[in-house]
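K.L.:
model this:
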Amino acid sequence: YKCEECGKVFKYNSSFISHQRNHTGEKPHKCRECGIAFMSSSSLLNHHKIHTGKQPYRCIECGKFLKKHSTFVNHQNIHSREKPHKCNECGKAFGKNSILLRHQRIHTGQKPYKCNDCGKAFAQNVALTRHERIHSGEKPFKCRECGKAFRDNSTVLEHLKIHTGEKPYQCNECGKTFRKSSTLVSHQRMHTGEKPYHCSKCGKSFRYSSSFAGHQKTHSGNKPYKCNDCGKVFTKSSTLIGHQRIHTGEKPYHCKKCGKSFRHSSGLAEHQRIHTGEKPYECNVCGKAFPQSSALKQHKKMHNRERAIKCN
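P.N.:
Presented below is the predicted three-dimensional model:
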């Protein structure tokens, strides 16, 4: 039994049917006591233990019942924020030893999970699984609003915010809001001028980890991502995806103010400044501000020409 959504194969029809509910969201097993519904009968049976009293460990903070003492202790750490497992390298603490061991690979550089297709190695198995979908083309997670498919669940959840318009993270400097906290942190570096990512090869610094990672590949010359349409190769999968839209004509980013569409989220972000009036790029010579970095670069050429005339 093969799932048409993600390609996963099952030996038994019952397992196949249960798996399909991950894609459809169907929850046919309902508790008669409280009405809560579940995808599988095993989850419902486990839930019943709350009503029958077979889960003796009750958390006084949130009221959750737990069957095993070890699970109960681990759960309590969530509320107490107790993190007994500490990293000797950086002092960061964790609630579980297994999470500490994963974290330590940052310091040791250990990457035990290797891709059979391109040889790229990863510190975590889940990262390898996500990466392998680049080669297989598998996109098992689908947006319920527009049908667009994604390689991992976290990406589809972030994508959904495009439809809902939810932007809960606000910049204290300019008031701009963002869908992700990580995007806010990156945006704030525009105000502070911080460039925390330094290349040990050439000394160049970067605001964003993605820019830094892309830059590092210019030294290695490694370009593992190839376009099937024109053969062009890229250092990053995200650059390949953006490039492929030239061939497909896809413009998934739409302006809610005027309906104009863009191939890249960066193009939409720059365009939206026409509507908001935001001008985050300021000239350090005369103080004039611009909505796009390209406009600032063009403006700076004027000062360079002025300096050249004065020198002559």
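K.L.:
quick one, helices of the stretch 151-300 of the chain?
P.N.:
With DSSP state H, counting those that start in this stretch, the ranges of helices along the stretch 151-300 of the chain come out as 153-164, 181-192, 209-220, 237-248, 265-276, 293-311.
K.L.:
and the third one, what does it pack onto?
P.N.:
Identification of packing neighbours for helix 209-220 by 3 or more Cβ pairs under 8 Å, 6 or more residues apart in numbering; DSSP states H and E yields strand 197-198. Placement of C-beta: from N, CA and C, glycine included.
K.L.:
so what are the sheet partners of the strand it packs on and their directions?
P.N.:
Sheet pairing for strand 197-198, assigned by DSSP bridges, gives strand 205-206 (antiparallel).
K.L.:
what segments of the stretch 1-150 of the chain are helices?
P.N.:
For the stretch 1-150 of the chain, the helices defined by DSSP H, counting those that start in this stretch cover 13-24, 41-52, 69-80, 97-108, 125-136.
K.L.:
shaky segments in the stretch 1-150 of the chain?
P.N.:
Scanning the stretch 1-150 of the chain for pLDDT under 70 picks out 6, 33-36, 42-43, 46-70, 72-73, 76-82.
K.L.:
equivalent analysis for the stretch 151-300 of the chain, please.
P.N.:
In the stretch 151-300 of the chain, no residues with pLDDT under 70.
K.L.:
residue contacts, residue 265?
P.N.:
residue 253 (Cβ atoms under 8 Å, 6 or more residues apart in numbering).
K.L.:
so which residue is smack in the middle of this structure?
P.N.:
In the chain, the centroid-proximal residue (Cα atoms, centre = their mean) is residue 155; its distance is 5.6 Å.
K.L.:
what residues are up against the nearest residue to that residue once chain neighbours are set aside?
P.N.:
Closest residue to residue 155 apart from its sequence neighbours, by Cβ to Cβ, 6 or more residues apart in numbering: residue 141 at 7.2 Å. Going by Cβ under 8 Å, 6+ apart, residue 141 touches 149, 150, 151, 152, 153, 155, 156.
K.L.:
buried subset of those residues as a ChimeraX selection?
P.N.:
Filtering those down to the buried ones (16 or more other Cβ atoms under 10 Å) takes a single ChimeraX command:
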select :150,151,152,155,156
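K.L.:
quick one on the thing from earlier: can you tell which of the helices of the stretch 1-150 of the chain is closest to residue 1?
P.N.:
Set against residue 1 and scored by Cβ to Cβ, these come closest in helix 13-24, at 3.7 Å.
K.L.:
show residues contacting the closest one.
P.N.:
By Cβ under 8 Å, 6+ apart, the surrounding residues in contact with helix 13-24 are 1, 3, 5-6, 8, 10, 26-28, 39-40, 140, 142.
K.L.:
closest to residue 281 among these?
P.N.:
residue 142 (37.2 Å).
K.L.:
quickly list what the closest one is bridged to.
P.N.:
residue 149.
K.L.:
that older thread, put together JSON lines for the helices of the stretch 151-300 of the chain, with distance to residue 107 on each row.
P.N.:
Shown next, in JSON lines, are those (distance: least, Cβ to Cβ, whole Å):
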{"stretch": "helix 153-164", "distance to residue 107": "25"}
{"stretch": "helix 181-192", "distance to residue 107": "22"}
{"stretch": "helix 209-220", "distance to residue 107": "17"}
{"stretch": "helix 237-248", "distance to residue 107": "26"}
{"stretch": "helix 265-276", "distance to residue 107": "33"}
{"stretch": "helix 293-311", "distance to residue 107": "35"}
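K.L.:
closest to residue 127 out of the ones you listed?
P.N.:
That would be, of those and by Cβ to Cβ, helix 153-164, which comes in at 11.9 Å.
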